[in-house]
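Trainee: kindly return the folded structure for what I paste below:
(chains A and B)
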Protein chains: 2
Amino acid sequence: MKIAIYGYGNLGRGVECAAKQSADVELIGVFTRRDPATVKTLTGVPVYSVEELQNFRSQIDVLVLCGGSATDLPKMTPVLAKDFNVIDSFDTHANIPQHFAGVDAAARSSDHIALISAGWDPGMFSLARAYSTAILPEGKDYTFWGRGVSQGHSDAIRRIPGVVDARQYTVPIESALERVRSGEMPELTTREKHLRECYVVAAEDADRATIETAIKTMPNYFADYDTTVTFISQEEMKEKHSSLPHGGFVIRTGKTGLNGEHTHSVEYSLKLDSNPEFTANAIIAFSRAIWKMKNRGDVGCKTVFDIAPADLSPLSHEELVRTLL
Amino acid sequence: MKIAIYGYGNLGRGVECAAKQSADVELIGVFTRRDPATVKTLTGVPVYSVEELQNFRSQIDVLVLCGGSATDLPKMTPVLAKDFNVIDSFDTHANIPQHFAGVDAAARSSDHIALISAGWDPGMFSLARAYSTAILPEGKDYTFWGRGVSQGHSDAIRRIPGVVDARQYTVPIESALERVRSGEMPELTTREKHLRECYVVAAEDADRATIETAIKTMPNYFADYDTTVTFISQEEMKEKHSSLPHGGFVIRTGKTGLNGEHTHSVEYSLKLDSNPEFTANAIIAFSRAIWKMKNRGDVGCKTVFDIAPADLSPLSHEELVRTLL
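Mentor: As a prediction, this is how the structure comes out:
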């Protein structure tokens, strides 16, 4: 399978590394909106301008779109699905149905296949919710995120006047996790599920109390949470907070038996040193799956729910059954 | 979807309860090898002799086979796949490829669909292994079972002279779990992964020391484990050890990055009050999936690896994408 990367940020670099781990995947190039001469890849794979992309149509089996969900992917994925098999990691949950419809129409109109929202949430966490809900229809599921860096919340802090740099960690509250695991199916408020830990580098002349208040009262992002703000130096930020760990927990508890007398707990959790690299590895597996499906004649937009797990693997069906079933 | 149960033990009763939880599933009857007059169902669903099964061919969409893996299913599933769409929970891992081949040939010869080895291991644990291995190809996975009752080990103890009743719990060793979660990818011996806790009711005239030695030195079952033996009364057995809890953990850790500098841990765990009832609920979801696939023209033997998660759910694709992705 020949792939190419469209957009070379953290996720694009992750896909570049992920491709190296799979013998059946060949990365033919990186396409960038910047001047290709200014972009140096980790592995020496060639860099091209996006202007050249159409010349590579016959050489790319799956084009991996590594743009952002806010402004890039809503336009990029449907447009490129007209000329390529594409995959993205679109993660604005509320807008997924609309994104799906646009990509599906574009892909079907040109006999391409596409997969949107690959990664871990949406992605593996969605699968955990779907499997456990199908198996335990009388139950309730919970998703907790963290401990990990939220880029969106970090960016929101950086927009406050006087803030030089910021890093926000989302932290699941252990006591809430334990209540959920016990099977009591609690109703939990936003505040009861997660803490928000903020590390901030302030400008020398900035008023720290003002910054702290601005963070803690910010609607949607922080106002509904217990939030801590710690001011640190630029050196400490670089030394202790430059990686992008993340993870979380999907837990569903449910009842079975003639009168719901038995309780079951299903838990899926991730602990990731690098959010973009794990997402990239998931993207490679789902790219393999849609390329297999395309070769069987399937077209249109898919989600992780539409992929038989066997298609994610480079192993033959016989090997899978023998070694992993 | 109209289903019927073939074999009415713990699993059959679980399927009977599970069917009640899904509005799209109708249980039309239980088929037994015993005298139907001697079998009373939990919900009042009718009981028939297996001799009558052929008369119900047009009324059963999926026949749920609730026999044992040792002697029942290896014969039962391929034979019945000639006349019905069937599903089983065959769990003798080493013999799955052979079982698959026999069921596949039978189902294809008569345009039926079948799914073998539904449940949690094989089943949901197999899926956890397959997904995490596809996403983290450079890694290692571990399966731990318990704390839960192993029927096979309990039966093995009951065959020792002087034993009236026995219950064996498989217990994962917490320190081994922690080593695995840390990402160190240890090589663990059988003894390092699980303990075996045995509760035994001895005959009044039996020599307890002899029984204990017989258990602890039993090859394959106990000799390779740290095993505890506790003698209890029949009353205590009934009071404290009559349920069938089980569960376990599938953990894969793997590396990503240009030089494997980042570690990731993916963990799937189950904590089940009733092993047969959870297995039954999984069977209902996978029955729904193969019935959908059959209606799209698919035939032959399937495994959990061949099922797109969307097919497990009674929700429409649009609802799934909107609510769970």
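
Trainee: helix or strand next in line after the longest helix anywhere in chain A, which one?
Mentor: Secondary structure of chain A per DSSP state H: the longest helix is helix A:275-295. Per DSSP states H and E, the first helix or strand lying C-terminal to helix A:275-295 is strand A:300-302.

Trainee: what is that following strand packed up against?
Mentor: On a contact count with 3 or more C-beta pairs under 8 Å, 6 or more residues apart in numbering or on different chains; DSSP states H and E, strand A:300-302 meets helix A:96-109, strand A:113-115. The way it works is simple: take the backbone N, C-alpha and C, and place the C-beta from them, glycine included.

Trainee: neighbours of the nearest residue to residue A:246 once chain neighbours are set aside, how many?
Mentor: In space, residue A:246 comes closest to residue A:148 once its chain neighbours are excluded; the distance is 2.9 Å by C-beta to C-beta, 6 or more residues apart in numbering or on different chains. Residue A:148: 20 surrounding residues under other C-beta atoms under 10 Å in any protein chain shown.

Trainee: again, but for residue A:218
Mentor: Other residues near residue A:218 come to 18 when the count uses other C-beta under 10 Å.

Trainee: ok, the nearest residue to it once chain neighbours are set aside - contacts?
Mentor: Counting by C-beta to C-beta, 6+ apart, the nearest residue to residue A:218 once its immediate chain neighbours are dropped is residue A:156, at 6.4 Å. When contacts are counted by C-beta atoms under 8 Å, 6 or more residues apart in numbering or on different chains, residue A:156 touches A:168, A:218, A:221, A:222.

Trainee: tilt between the helix or strand residue A:156 falls within and helix A:275-295?
Mentor: Residue A:156 belongs to helix A:151-158 when elements are defined using DSSP H and E. Put simply, helix A:151-158 runs at 140 degrees to helix A:275-295, going by axes from the mean of the first three to the mean of the last three C-alpha atoms, to 10 degrees.

Trainee: can you give me the buried ones in helix A:151-158?
Mentor: By neighbour count on 16 or more other C-beta atoms under 10 Å in any protein chain shown, the buried set for helix A:151-158 is A:151, A:153, A:154, A:156, A:157.

Trainee: can you name the residues that contact the residue most central in space within chain A?
Mentor: For chain A, the residue whose C-alpha lies nearest the mean C-alpha position (C-alpha atoms, centre = their mean) is residue A:119; its distance is 4.1 Å. Applying C-beta under 8 Å, 6+ apart to residue A:119 gives the contacts A:89, A:91, A:278, A:279, A:282, A:283.

Trainee: that older thread, partner strands of the following helix or strand past the helix holding residue A:156, with direction?
Mentor: Counting by DSSP H and E, the next helix or strand C-terminal to helix A:151-158 is strand A:163-172. Here strand A:163-172 is paired, per DSSP bridges, with strand A:148-149 (antiparallel), strand A:194-202 (antiparallel).

Trainee: JSON lines for these, including mean pLDDT?
Mentor: Formatted as JSON lines, the strands paired with strand A:163-172 follow (pLDDT from 0 to 100):
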{"stretch": "strand A:148-149", "mean pLDDT": "96"}
{"stretch": "strand A:194-202", "mean pLDDT": "98"}
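
Trainee: ok, the residue nearest to residue A:246 touching residue A:272?
Mentor: Yes - taking C-beta atoms under 8 Å as the definition, residue A:148 is a contact partner of residue A:272 at 7.2 Å.

Trainee: mutual contacts of these two, please.
Mentor: Residues touching both residue A:148 and residue A:272 (C-beta under 8 Å, 6+ apart): A:245, A:246, A:247.

Trainee: what sits against the second one?
Mentor: Meaning residue A:246. Residue A:246 makes contact with A:145, A:146, A:147, A:148, A:149, A:270, A:272, A:275 under the criterion C-beta under 8 Å, 6+ apart.

Trainee: the one residue in the stretch 51-200 of chain A that gets nearest to chain B sits in which helix or strand?
Mentor: At 3.9 Å from chain B, residue A:134 is the closest residue in the stretch 51-200 of chain A, using C-beta to the nearest C-beta. Per DSSP H and E: residue A:134 is located in helix A:124-135.

Trainee: with residue A:210 instead?
Mentor: Using DSSP H and E, residue A:210 sits in helix A:208-216.

Trainee: between that helix and strand A:194-202, how big is the angle?
Mentor: Note on geometry: by the same axes, to 10 degrees, helix A:208-216 and strand A:194-202 are set 140 degrees apart in direction.

Trainee: pLDDT of helix A:208-216, averaged?
Mentor: Helix A:208-216 comes out with an average pLDDT of 98.

Trainee: compare the helices and strands packed on strand A:300-302 and give me the one nearest residue A:15.
Mentor: Proximity to residue A:15, assessed across these by C-beta to C-beta, is greatest for strand A:113-115 (13.9 Å).

Trainee: which strands and helices sit next to the closest one?
Mentor: strand A:86-87, helix A:96-109, helix A:275-295, strand A:300-302.

Trainee: does the closest residue in space to residue A:317 that isn't next to it in sequence sit in a helix, a strand or a coil?
Mentor: Nearest residue to residue A:317, sequence neighbours excluded (C-beta to C-beta, 6+ apart): residue A:310, at 5.8 Å. When classified by DSSP: H, G, I helix; E, B strand; the rest coil, residue A:310 comes out as helix.

Trainee: tell me the contacts of residue A:310?
Mentor: By C-beta under 8 Å, 6+ apart, the contact list for residue A:310 reads A:317, A:320, B:130, B:303, B:305, B:306.

Trainee: try residue A:81
Mentor: Neighbouring residues of residue A:81 by C-beta under 8 Å, 6+ apart: A:103, A:106, A:107, A:110, A:112, A:114, A:301.

Trainee: the fifth one - how many residues pack around it?
Mentor: Translated: residue A:112. Neighbourhood size, residue A:112 [other C-beta under 10 Å]: 23.

Trainee: low-confidence ranges in chain A?
Mentor: By pLDDT under 70, chain A has no low-scoring segment.

Trainee: was I right about residue A:186 contacting residue A:178?
Mentor: No - the pair residue A:186 / residue A:178 is not scored as a contact, 10.3 Å apart, by C-beta under 8 Å.

Trainee: of the two, who's got more company?
Mentor: Neighbour count, other C-beta under 10 Å: between residue A:186 and residue A:178, residue A:186 has more, with 13 against 10.

Trainee: with adjacent residues omitted, what lies nearest to that one?
Mentor: Excluding its sequence neighbours, the residue lying closest to residue A:186 (C-beta to C-beta, 6+ apart) is residue A:179, at 4.9 Å.

Trainee: the longest helix of chain A vs chain B: in contact?
Mentor: Yes - interface with chain B: helix A:275-295 contributes A:277, A:278, A:280, A:281, A:282, A:285, A:288 (C-beta under 8 Å from any C-beta of the partner chain).

Trainee: can you give me the distance of the fourth one to residue B:154?
Mentor: With distances defined as C-beta to C-beta, to the nearest Å, the gap from residue A:281 to residue B:154 amounts to 41 Å.

Trainee: doesn't residue A:44 lie inside a helix?
Mentor: No - under three-state DSSP, residue A:44 sits outside any helix and is assigned coil.

Trainee: quick check: residues of the stretch 51-200 of chain A near chain B?
Mentor: Residues of the stretch 51-200 of chain A lying near chain B by C-beta under 8 Å from any C-beta: A:93, A:96-97, A:100, A:117, A:122, A:124, A:126-131, A:133-138, A:181.

Trainee: one step back: buried subset of the residues of helix A:275-295 next to chain B as a PyMOL selection?
Mentor: The buried residues among the residues of helix A:275-295 next to chain B can be selected in PyMOL (16+ other C-beta under 10 Å) with this line:
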select buried, chain A and resi 277+278+280+281+282+285+288
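
Trainee: among the residues of helix A:275-295 next to chain B, which pair sits farthest apart?
Mentor: Of all pairs in the residues of helix A:275-295 next to chain B, the most separated under C-beta to C-beta is A:277 and A:288 at 17.2 Å.
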